[in-house]
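>>> For reference, the sequence and a predicted model appear below.
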Amino acid sequence: MKKITYLKVIIINLLLVLSLVGSIELIFSIFADNFAIKNNKEFRLSKPEPYAKSPYFSREFIEESFRQPGGWSVPEGTSLIIPNDYSSAHFNISGGIRKTVGTPENYRNTIFIFGGSTIYNSEVPDSLTVASLLQNLINGNKLPYRVVNYGTTTIDSGQQLERLRREVKITNGDIVIFYDGVNDVLQKVWLKDATKSLSTQALEAPYFISLVRKMAEYSAFLRWYDKNYLTLKSYPIDFELINRASKIYLNNLNSAQIFTAKNKGKFIHFLQPNLYTKSPHNLYEIKLLNWGGNESPVGLRAIFQATYPVFQEMLANTGYSVDLVNIFDNLNYSPYLDFCHVTEIGNEVVANAIFETIKIDLYK
């Protein structure tokens, strides 16, 4: 009889605990969970504002984009990250280069665009990358140029410079474009190591916080707990590190400019925008900032807000750099899927800005 009584007590207490946990979850999911999304993939599958009018949007497309179509390779003896060849309705990579739609059969010169994942553009199909949208503008103006997309995940300006020197043969009249900034902040300031590739380092919090955040994918209470008790309201900024990183960044860009000019091409740099330095934020973006997602570690916002002004001041007088930091500030719809990746809403604005910048050179 005692065993049966003990079992009843255990079952009753277990049911009480489960009821209490369920009640807590219900309360927090209703009143405290601003963005009840488990992870970035689920968030994008929810068809957020940047995808609201995208005709290509589908579960199939999002699933494929998160599989990193084709994968990536690191050539021996380099710090490069190269997309593997791949072919589908949405993604086509050949020779480590994502397809630029509309490339003319006959052209006089080439525009080489280098950047990280925000130039590779896995958030959109081939036809809506920055490179393809720029090619469309060039074709519409009947100019004899092709655009080649050298974007690849996680790379910073140093790796862009390495690939430029290693793979690109510049001819008289060619244009080399670097579109970057975000990965240089991540690699050189956030990760505090300018010598390692971003792809080999994790943007991770300590083990306990990482564990809570992993479990928070399934718990509104843990998401609330993370936001209010594990996320720092302020973050210590190392300005000495920022200044050192800025000098390395500038040196990479200067080296790219010198290399391009030596080969009779023209070098143009674009400092890319990010959600942290955008102003103002619309209601969707405020929720996005509050949620953060697994690509927005603790303290990253403070680091961007401290580092980007230094980058802007440093680049202002180079003669080859164009500041696009505030280019999305007045858009009616947000392009942001996280703190830096955007859909065609943003890509179209960037492509237009690049075209307007290089237009004089294209008509020469």
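Structure's in. What do you need?
>>> switch to C-alpha atoms for all contacts and neighbour counts from now on
Fine.
>>> how far away is the residue lying closest to Gln68 once chain neighbours are set aside from Ala245?
Excluding its sequence neighbours, the residue lying closest to Gln68 (CA to CA, 6 or more residues apart in numbering) is Ser122, at 7.8 Å. According to CA to CA, to the nearest Å, Ser122 and Ala245 sit 27 Å apart.
>>> Looking at these two now, which is surrounded by more residues?
Ser122 (27 against 23; other CA atoms under 10 Å).
>>> So Phe178: helix, strand or coil?
Phe178 falls in the strand class when you classify it by DSSP: H, G, I helix; E, B strand; the rest coil.
>>> For beta bridges, what are the partners of it?
For Phe178, the beta-bridge partners are Phe114, His269 (DSSP bridges).
>>> need the contact list for it.
When contacts are counted by CA atoms under 8 Å, 6 or more residues apart in numbering, Phe178 touches 113-115, 157, 160, 267-270.
>>> Give me the helices and strands touching the lengthiest helix in the chain, please.
Scanning the chain for the longest helix, with DSSP state H as the assignment, gives helix 2-31. Counting contacts by 3 or more CA pairs under 8 Å, 6 or more residues apart in numbering; DSSP states H and E, helix 2-31 packs against helix 220-225.
>>> Give the next helix or strand downstream of the helix it packs on.
helix 239-262 (DSSP states H and E).
>>> Buried residues, that following helix. List them.
For helix 239-262, a neighbour-count test (16 or more other CA atoms under 10 Å) marks 241-243, 245-246, 248-250, 252-254, 256-257, 259-261 as buried.
>>> for stretch 340-357, same thing?
Under 16+ other CA under 10 Å, the buried positions of stretch 340-357 are 340-351, 353-355.
>>> cool, and stretch 162-171?
For stretch 162-171, the neighbour count (16+ other CA under 10 Å) marks 163-164, 170 as buried.
>>> what distance separates it from the centre of its chain?
With CA atoms, centre = their mean, to the nearest Å as the basis, stretch 162-171 stands 24 Å off its chain's centre.
>>> Start and end of that stretch, how far apart?
For stretch 162-171, the end-to-end distance is 18 Å (CA to CA).
>>> hmm, who's touching it?
Contacts of stretch 162-171 (CA under 8 Å, 6+ apart): 80, 109, 256, 259-260, 263-265.
>>> 6 Å instead?
By CA atoms under 6 Å, 6 or more residues apart in numbering, the residues outside stretch 162-171 that reach it are Asn263.
>>> what's the average pLDDT for that stretch?
Averaged across stretch 162-171, pLDDT comes to 97.
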